[in-house]
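Participant: Provided below for reference: sequence and predicted model.
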Amino acid sequence: MNDSVKSKRAELEGVHRVYRENCGEWEFFRTAYLGGREWEEAGLLYRYVHELGPEFAERLRQTPMENHCKSVVHTYSGFIWRVPPKRSFGALEGNRAAAALNGNADKEGGSLNEVMKEVQIWASVFGCVWVVMDKPAVRGATKGDEISRDIRPYLKVYFPVHVLDWRFEESGSGCYELTYLKVRERVDGGNGSDNSGGSAGSGWVYRVWTRERVEVWRVDGRDDEAVLVSEGVNEVGVVPAVVHYNTKPLERGVAVSDLQDVARMQRSMYNDMSELAQMVRGSNHKTLVKNRGDDASTGAGGVIVMHEDTLPEKKPYLLQADAEALLGLLQAIEMKVEMINRMAHLTPVRTYRSAVASGVAIETEFQILNTLLAEKAAQLAVTESQLFRIFCRWEGVDYDAANVVVTYPQRFELRDRRADLDFLVRAKEVTEKIGSPTLQREIDRQLARVVLERDDVLEVVEGELSGG
C-alpha cells in the first residue's frame, strides 16, 4: 500500500482515548450479561497449577454459571417499563414519518418503546450506548413518495465497542455539541473478530459523520486498502447521534455500568461453582491409593488382591474429600449472592428474608432503589427528547415550535403493598375517632397510592381528595 492508503487506514482504525481505556471492560460486561457459550469460551475460570488444556476445557464445560448480571439488568428494566412512557407529539401529531417512527423505529419491526427498552438494557450493561437517527440517502420526488417508499428517519443502536472515535466541541452557548463520530460495523461474511482491538480484520465498514459530511468506507482484508463506498453532504448540519448514559456520565462517552461490581462477583461465584463440582465428584468417588502390583476391581463391594510382597504398612486405603469444606463453600456462595443484591440495591425484591427486618430498613431499601430507577428513567427522557430534536431537523420542523413532550415514570412504588394496606386501614379506623378531616384526607391519599398503579387515575383521585 502507498503512504496515502496507509494513512487512511490508520485514520479509520484510530480509536478514542476513552475507548482504548474501557474496551476491555465493555467486552467483559457483554460476556457477563450474555452468559452461555460466550461466558464458557471466555475461559474465566482460574487454572490449576500444571492443569493441561484439555482438562481445563473439560472443567469449563462442566461448570454451571448462575447469571446474576442478566437478572439484575432485567429486574431494573421490568420496573422501568412496567408503565410505558407518554408521548405528546404536538405539531408532529399528523406527521406520517413520526407515526412510522413510533410504530417501526428501527425498520426491523421494533416500535419506539421496544427500541428504547433495548437502549436502556444495553446502557445498563455497558454504561452507555449510542443511538443514531439516520435517513436513507435516496430521495423521492415528493414527500408523499418518500413516505410510500418508507424513506424516513429511523434509529440504529451502536454498542460502545462499535464506536471507535468521537469528538465534542463547546458551542457559543456554552453547551457541548457532538461534531465527529466514527463507528465500525461487521460486514456479513467477513472473518474479522468483533473485539475492541485497534486493528480491524477483514469485512469491516466504517461510517464517519461530521457536521458537513457523511462518509462510508470499507476494508475487506487485513492488508487491503480502504475503499470509499459513498460520501455525501450532511443534510441536517449536525451529527445525528445521541449517546445515552445509564446514569450521569463520568465523562463524555463513558458512564458507570450496573455490572461493574456484579460481574466480578459473578466470576468469583463461577469459580466457587467449579470448586464445588470438583468436591462433589471427590466426595462421591473416593480415590484409591494402592501399590502398583495390587489387583483391584471397581464398583460397590470391589475386591483388592494385594501383591504377595506387599508390606503390612503399605496396605491399600481410600481418600475422601472433606464434606465440611463443601458446606463452607455453599455458605460462601450464598453470602456472595447477598452481596450482589446489596450492590444492586435489589435486596427487597431478590431476597427471601430469613431474619426479620425493621420497617424503616425495608422502606429505606425501597427508597434507594426507587431513586436509582427514577434516575434511569430521567436519562431515557433526555435521550428521547434529543432524538426528536434530530428528527425535527430531518423533517424541516422547528423543534421548539413542535412542542414534543416525552414523559417517563418517575415514581416506582416498590413497597410491601399488603403490609402498607393493613397499616393504613388500621390507622383509618383509629383516626376516625379523632375527627380531623385533614388527617382523614391524607390517609385516603396514602391508600390511593398503595391501591392504584396508573398515574393518570391517581392524579384524578388526588384531585378529588384535595377538592374535598
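Facilitator: Happy to help now that I have it.
Participant: Glu146 touches Pro153, doesn't it?
Facilitator: No - distance between Glu146 and Pro153: 10.7 Å, which falls outside the contact criterion (C-beta atoms under 8 Å). No exception for glycine: its C-beta is placed from N, CA and C like everyone else's.
Participant: Compare those two (neighbour count), which wins?
Facilitator: Neighbours of Glu146 and Pro153, each counted by other C-beta atoms under 10 Å, are more numerous for Pro153; the result is 22 against 18.
Participant: which phi and psi does Val256 have?
Facilitator: Backbone torsions for Val256, taken as degrees, to the nearest 10, come to phi -80, psi 130.
Participant: so how many other residues sit close to it?
Facilitator: Other residues within reach of Val256, judged by other C-beta under 10 Å, total 15.
Participant: what about the closest residue to it other than its chain neighbours, neighbour count?
Facilitator: Here the nearest residue to Val256 in space, its sequence neighbours aside, is Gly127; by C-beta to C-beta, 6 or more residues apart in numbering that works out to 5.5 Å. By the criterion of other C-beta under 10 Å, Gly127 has 25 neighbours.
Participant: what do you get for Leu346?
Facilitator: Residue neighbour count, defined by other C-beta under 10 Å, stands at 22 for Leu346.
Participant: What does the pLDDT read for it?
Facilitator: At Leu346, the predicted lDDT confidence score is 88.
Participant: Surely it touches Val72?
Facilitator: Yes - using C-beta under 8 Å, Leu346 and Val72 qualify as a contacting pair, with a distance of 6.5 Å.
Participant: Low-confidence bits of the stretch 201-350 of the chain, can you list those?
Facilitator: By pLDDT under 70, the weakly predicted segments of the stretch 201-350 of the chain are 201-202, 222-223, 281-310, 312-324.
Participant: Helices along that one, start to end?
Facilitator: Assignment of helices within the stretch 201-350 of the chain using DSSP state H, counting those that start in this stretch yields the ranges 262-284, 323-343, 347-350.
Participant: Any idea which of the ones you listed gets closest to Arg17?
Facilitator: Arg17 sits nearest to helix 262-284 of all the helices of the stretch 201-350 of the chain, at 23.2 Å, using C-beta to C-beta.
Participant: Counting by contacts, list what that closest one packs against.
Facilitator: Applying 3 or more C-beta pairs under 8 Å, 6 or more residues apart in numbering; DSSP states H and E, one finds that helix 262-284 makes contact with helix 17-34, helix 53-62, helix 68-80, helix 323-343.
Participant: what's in contact with the longest strand belonging to the chain?
Facilitator: Secondary structure of the chain read by DSSP state E shows that its longest strand is strand 176-186. Residues outside strand 176-186 that contact it (C-beta atoms under 8 Å, 6 or more residues apart in numbering) are 12, 130, 132, 158, 162-171, 192, 194, 200, 203-211, 238-239, 241, 243, 252.
Participant: Output that strand as CSV, restricted to C-alpha atoms.
Facilitator: Taking C-alpha atoms only, strand 176-186 is exported to CSV below (Å, rounded to 0.1, in the frame of the first residue of the first chain):
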residue,chain,number,x,y,z
TYR,A,176,-21.1,20.8,24.1
GLU,A,177,-22.0,19.5,20.7
LEU,A,178,-21.1,16.2,19.0
THR,A,179,-19.1,17.2,15.9
TYR,A,180,-17.4,13.9,14.9
LEU,A,181,-18.4,10.3,15.1
LYS,A,182,-16.8,7.1,13.7
VAL,A,183,-18.4,3.7,14.0
ARG,A,184,-17.3,0.3,12.8
GLU,A,185,-19.7,-2.4,11.6
ARG,A,186,-19.2,-6.0,10.7
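Participant: Could you tell me which residues within it count as buried?
Facilitator: Using 16 or more other C-beta atoms under 10 Å as the burial criterion, the residues of strand 176-186 that qualify are 178-179, 181-186.
Participant: Who are the contact partners of Phe126?
Facilitator: Phe126 touches 26, 29-30, 159-161, 246, 257, counting by C-beta under 8 Å, 6+ apart.
Participant: Could you do Leu45 as well?
Facilitator: Taking C-beta under 8 Å, 6+ apart as the criterion, Leu45 is in contact with 56, 59-60, 63, 270-271, 274.
Participant: For my notes, please list the residues you listed in a markdown table and give distance to Leu34 and neighbour count for each entry.
Facilitator: Rendered in a markdown table, the data for those read as follows (distance: C-beta to C-beta, whole Å; neighbours: other C-beta atoms under 10 Å):
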| residue | distance to Leu34 | neighbour count |
| --- | --- | --- |
| Phe56 | 21 | 15 |
| Arg59 | 20 | 16 |
| Leu60 | 16 | 17 |
| Thr63 | 16 | 20 |
| Tyr270 | 14 | 21 |
| Asn271 | 19 | 13 |
| Ser274 | 19 | 20 |
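Participant: So which of those residues is the closest to Ala377?
Facilitator: For the contacts of Leu45, with Ala377 as the reference and C-beta to C-beta as the criterion, the closest is Tyr270, at 31.9 Å.
Participant: Tell me how far that closest one lies from Leu276.
Facilitator: According to C-beta to C-beta, to the nearest Å, Tyr270 and Leu276 sit 11 Å apart.
Participant: Just say helix, strand or coil for Leu45.
Facilitator: In terms of secondary structure, Leu45 is coil; the call rests on DSSP: H, G, I helix; E, B strand; the rest coil.
Participant: quick one, longest helix in this structure?
Facilitator: helix 359-395 (DSSP state H).
Participant: Check the offset of that helix from the chain's centre.
Facilitator: Between the centre of helix 359-395 and the centre of its chain there are 15 Å (C-alpha atoms, centre = their mean, to the nearest Å).
Participant: thinking again about what came up before, just the buried ones among the contacts of strand 176-186, please.
Facilitator: A residue is treated as buried here by neighbour count (16+ other C-beta under 10 Å); on that basis the buried members of the contacts of strand 176-186 are 12, 130, 132, 158, 162-168, 192, 194, 200, 203-210, 239, 241, 243, 252.
Participant: Report the secondary structure state of Met133.
Facilitator: Met133 is classified as strand under three-state DSSP.
Participant: ditto for Arg9
Facilitator: Quick answer, by three-state DSSP: Arg9 is helix.
Participant: Test my guess that it contacts Glu225.
Facilitator: Yes - applying C-beta under 8 Å, one finds Arg9 in contact with Glu225, separated by 7.0 Å.
Participant: which one of these two has more residues nearby?
Facilitator: The neighbour comparison of Arg9 against Glu225 (other C-beta under 10 Å) goes to Arg9, with 20 against 14.
Participant: Please report the distance of the more buried one from Arg167.
Facilitator: Going from Arg9 to Arg167 by C-beta to C-beta gives 20 Å.
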